[in-house]
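> Take this sequence and fold it.
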Amino acid sequence: MVKAVRMVGRFGGLTAAIAVVALAGGCTSLRSHQGYIIDADLVNSVQPGVDNRASVLQTLGKPSFASQFNSGEWYYVARDSRNLAYLNPKARSQLTLKIAFDQKGVVSNITRTGLDQVASVRPYGKTTPTLGRKRSFFEELFGNIGSVGAAGAGTGGGDDSQP
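Model prediction:
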């Protein structure tokens, strides 16, 4: 009897330890990197007035995106984020490298910005307004029962003996 109690105690302690480790694993911070991988030596090698589009493309690679309104700007964006379990990720650091070109395609300006330029946009409300009447859950679920085929009932095949 004493041996059985000791075994239950051991397995109970082992089970509790496994549960604590599993729960603590859910509180671990997840890290992620998005976008361009910055190499400081390569970025610093691009010089205004010296480099052109082809040399920047060869040195830094394809930009994250190019300006839609002014064809003279390329953007390289890198962001590091962290989050806990199911929560939305929050940016910890960000570097945006904007390279501006003149009309001849020569680098005219290089601007570096960080996390201070990131805007937080939050949608208003939890529902989207729609036209029409407001229906309850059960009206949405059962509202079409009996309406399928109701408009065209009696048409098509059947008994031709009726006038």
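> Just the element for Thr15, please.
In this structure, Thr15 sits in helix 2-25 according to DSSP states H and E.
> Tell me the helix or strand right after that helix.
Elements were assigned by DSSP H and E; along the chain past helix 2-25, the next helix or strand is strand 29-35.
> I'd like to know which elements the helix or strand just after that next one is packed against.
Using DSSP H and E, the next helix or strand after strand 29-35 towards the C-terminus is helix 40-45. Contact here means 3 or more CB pairs under 8 Å, 6 or more residues apart in numbering; DSSP states H and E; on that basis helix 40-45 packs against helix 53-60. Every C-beta, even on glycine, is put in place using the N, C-alpha and C of the backbone.
> Buried residues in the helix it packs on, which are they?
Along helix 53-60, the positions that meet the burial threshold by neighbour count (16 or more other CB atoms under 10 Å) are 55-56, 60.
> and that helix, how far from the chain's centre?
Put simply, helix 53-60 sits 29 Å off its chain's centre (CA atoms, centre = their mean, to the nearest Å).
> same for that helix, what does it pack against?
Other helices and strands packing on helix 53-60, by 3+ CB pairs under 8 Å, 6+ apart, are helix 40-45.
> Who does Trp74 form a beta bridge with?
In this entry, Trp74 is beta-bridged to Ala66, Ile99, by DSSP bridges.
> when you give positions from now on, start the count at 49
Yes, from this point I'll number from 49; that puts the last item at Trp122.
> So it versus Ala167, what's the distance?
Trp122 sits at a distance of 21 Å from Ala167 (criterion: CB to CB, to the nearest Å).
> So if I had to pick from the two, which one is more boxed in?
Neighbours were tallied for Trp122 and for Ala167 using other CB atoms under 10 Å; the higher tally belongs to Trp122 (21 against 4).
> residues contacting that one?
With contacts defined as CB atoms under 8 Å, 6 or more residues apart in numbering, the neighbours of Trp122 are 104, 111, 113-115, 146-147, 149.
> Only whichever of those are buried, select them in PyMOL.
Taking 16+ other CB under 10 Å as the burial criterion, the selection of buried members of the contacts of Trp122 in PyMOL is written as:
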select buried, resi 104+111+146+147+149
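> with the contacts of Trp122 in mind, which one is nearest to Leu163?
Checking the contacts of Trp122 against Leu163 by CB to CB gives Lys146 as the nearest, at 15.2 Å.
> before we move on, the earlier item: could I get the buried residues of helix 101-108 as JSON lines with distance to Pro96 and pLDDT?
Shown next, in JSON lines, are the buried residues of helix 101-108 (distance: CB to CB, whole Å; pLDDT from 0 to 100):
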{"residue": "Ser103", "distance to Pro96": "12", "pLDDT": "92"}
{"residue": "Val104", "distance to Pro96": "11", "pLDDT": "92"}
{"residue": "Leu108", "distance to Pro96": "14", "pLDDT": "91"}
